[in-house]
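Participant: Need a 3D model of the following:
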Amino acid sequence: MKKKIIAGMITAVLAAGMVMPVSAADTTPQENSVKVGYEEASTFTLTIPAAVTLSETEGATGSVGLSAMNIETTEKVQIKVTEGITDGKVTLTDVKDSANTCSSTVSLTEGGEGIASDAVIAEFTMDSALLTAPLYFSALGEVPAGTYSGQIVYQASIVS
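Facilitator: Model (predicted):
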């Protein structure tokens, strides 16, 4: 019987310890707030052709563009040519004889004027229907036999 009384008293003490004190003296409602937020960084992937094969007799096209674009509505992505275009042309050099060169005019329209070095060749926003822009390369004309190579460097960046 003593054990039952002691167990009952321990239970009563434990139950009383679990009760949270509540003050009913202040009837004014209390309120507070929590700030909720999220930030997603702007991202995109620049896509360029691995190679563009030029011809002596016909023009060629190579498209640059973006994929997986997720930018703010106040931003746009600009694509520029930063290297490889001089006076509107890309120069190709014979890999065995650097004195042998040929060139092709690079333009934004078929048969158009050559683009300037460091020119913005495309701009895209989140509302852009297409995310590609073609570059047109003119025919090379007569070229001595050889293997010719040139390079164009593009840069894409987010601007407000």
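Participant: what about the closest residue to Gly141 other than its chain neighbours, how many neighbours?
Facilitator: Distance criterion C-beta to C-beta, 6 or more residues apart in numbering; nearest residue to Gly141, sequence neighbours excluded, is Glu56 at 6.2 Å. (Each C-beta comes from the backbone N, C-alpha and C, glycine too.) Number of residues near Glu56 (other C-beta atoms under 10 Å) recorded here: 10.
Participant: Next, Glu56: phi, psi?
Facilitator: Dihedral angles of Glu56 (phi, psi; degrees, to the nearest 10) stand at phi -70, psi -30.
Participant: Roughly how far does it sit from Lys76?
Facilitator: According to C-beta to C-beta, to the nearest Å, Glu56 stands 38 Å off from Lys76.
Participant: Thr86 too?
Facilitator: Note on Thr86: its distance to Lys76, by C-beta to C-beta, is 27 Å.
Participant: What of Ser138?
Facilitator: For Ser138, the distance to Lys76 (C-beta to C-beta) stands at 29 Å.
Participant: Out of those two, name the residue with the larger neighbour count.
Facilitator: Between Ser138 and Lys76, counting by other C-beta under 10 Å, Ser138 is the more crowded of the two (22 against 18).
Participant: where does the more buried one land on pLDDT?
Facilitator: pLDDT recorded at Ser138 is 97.
Participant: before we move on, what about Glu110?
Facilitator: Looking at Glu110, the pLDDT reads 94.
Participant: Let me see the contact set for it.
Facilitator: Residues in contact with Glu110 (C-beta atoms under 8 Å, 6 or more residues apart in numbering) are 59, 61, 136.
Participant: and if you look at Pro134?
Facilitator: 61-63, 108.
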